[in-house]
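Undergrad: Pasting the sequence and the predicted model now:
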Amino acid sequence: MLNYAIGHYSDVDGVLSHALLERASIARRQQTVHLTIDYKDMLAPLREIDLKQAQVVRIFDLGYNQGWENPEFVRELKRIARSASLEIYDHHEWPDSSSVYEIGARRIVVPIRGDKLEERCTTEIISFLFAPGDQTPITLSQIANNSDFMANSLYPELSKYTRQLELVVAAANKKVTTLNSADLVHHFATLPSDLRFARTELLKSEFFWPESFHETRKIYNKAIQSAKQGLGEDVRVSEIQTAKRVYSIVIGFAPQILHMKGGVMHLQEIYPDHQIYACIYDEDNSIIFSSDTGEINVAQLGKAFDGGGRASWSGGFLPKGLTAKIGYRETTSYYVLELIKETLTNIS
């Protein structure tokens, strides 16, 4: 019989969630099949599951987005739940009306009002449930928290190590080097549990940082510096007037190598002190939002673009036809601004 772990490889929390589930699988002498998930097609990995062999299917860190309410997606989850033990773990809050609560999953662990689970990342949830008392998973989960929450993390002292690991994870995910996401999952899943180190000593050790990580980070750093130069050359800074206030918005277009946080973080660096940042990725038609002022819940913007996320980070997708037009960047910028304005007007 097989276990399945289904979650993305696109950031530190996703990779380390996979790693800790694999770590638990090794300890229990079980076999787990790891599948990555694309937010544009959440059904694809579910259809790879062999239900004749599946014992437990664990889905994690997808974030609440409109895909969860897709009738076809819900039907597929129900089909899985009839044959295997279905479990869902996430640190993103879902509305009480979510149809996923009705699929018959054995376990759904998501934040509920007052439990402060939203201050934890998914790796921390998995560490608590699958590896209590094991110092190595605890350390990995704290790094994932620092990566997910950044300035608001409960573990700011880990920032130095986190930024380095983020580069390695991004390089593997984007196939910049021969190191891939499965290699990272295996590495962290097989780190010793009985290292007689303090946490900071572990994070400085060759156990944690094999030479391949250092080489990968160097190669990726060189590639992203070139990509950031291009991002800085084509940026729109605009203002949106709603009935209650004016919002300053920065929109940039970035290559896929800066996907997820890389693009919006660079926009924040070169254009500080704006309320909303949006980075558009031409290759997959996705858009990532960020706001670090605490004034705006950009999860609402992600939802408006058929995605979702948290208050400070979110993402979604543009209509397929937009980027095919002549002058698409002007057209796309106008579309994005109009939809942001409509969304802010409705929630303010």
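TA: Cool, the structure landed.
Undergrad: Past the host helix or strand of residue 249, which element shows up next along the chain?
TA: When elements are assigned from DSSP states H and E, residue 249 belongs to strand 246-254. Counting by DSSP H and E, the next helix or strand C-terminal to strand 246-254 is helix 261-270.
Undergrad: The strand holding residue 249 - what's its average pLDDT?
TA: Strand 246-254 shows a mean pLDDT of 94.
Undergrad: Stretch 63-80 too?
TA: 88.
Undergrad: if we can go back for a sec, can you give me the angle the strand holding residue 249 makes with helix 261-270?
TA: For strand 246-254 against helix 261-270, the angle by axes from the mean of the first three to the mean of the last three Cα atoms, to 10 degrees is 130 degrees.
Undergrad: State the paired neighbours of strand 246-254 in the sheet, together with their directions.
TA: Sheet neighbours of strand 246-254, with direction, are listed as strand 235-241 (antiparallel), strand 276-281 (parallel) (DSSP bridges).
Undergrad: And residue 262, how close does it get to residue 25?
TA: In this structure, residue 262 lies at 31 Å from residue 25, with Cβ to Cβ, to the nearest Å as the measure. Yep, even glycine has a C-beta here, placed from its N, CA and C like the rest.
Undergrad: out of these two, which sits in the more crowded spot?
TA: Taking neighbours as other Cβ atoms under 10 Å, residue 262 and residue 25 compare with residue 262 leading, 23 against 20.
Undergrad: Of the strands paired with strand 246-254, flag the one that's most buried.
TA: For the strands paired with strand 246-254, the largest average neighbour count (mean count of other Cβ atoms under 10 Å) is found in strand 276-281, namely a mean of 24.
Undergrad: Mind listing residues that contact that one?
TA: When contacts are taken as Cβ atoms under 8 Å, 6 or more residues apart in numbering, the neighbours of strand 276-281 outside the stretch itself are 231, 247-256, 258-259, 263-264, 267-268, 271, 286-291, 296, 298, 301, 318, 332, 336, 340.
Undergrad: Just checking, which helix or strand of this protein averages the lowest pLDDT?
TA: Lowest mean confidence among the helices and strands of the chain (mean pLDDT, DSSP states H and E): helix 199-204, at a mean of 75.
Undergrad: Contacts for that helix, please.
TA: Counting by Cβ under 8 Å, 6+ apart, the neighbours of helix 199-204 from elsewhere in the structure are 135, 136, 139, 142, 143, 158, 161, 195, 208.
Undergrad: returning to that earlier point: which positions in the strand holding residue 249 come out as buried?
TA: Neighbour-count burial for strand 246-254 flags 247, 249, 250, 251, 252, 253, 254 (criterion: 16 or more other Cβ atoms under 10 Å).
Undergrad: Which stretches in this protein count as helices?
TA: Assigned helices in the chain, in chain order: 12-27, 43-46, 71-83, 122-130, 135-149, 159-173, 181-189, 199-204, 211-232, 261-270, 299-304, 328-347 (criterion: DSSP state H).
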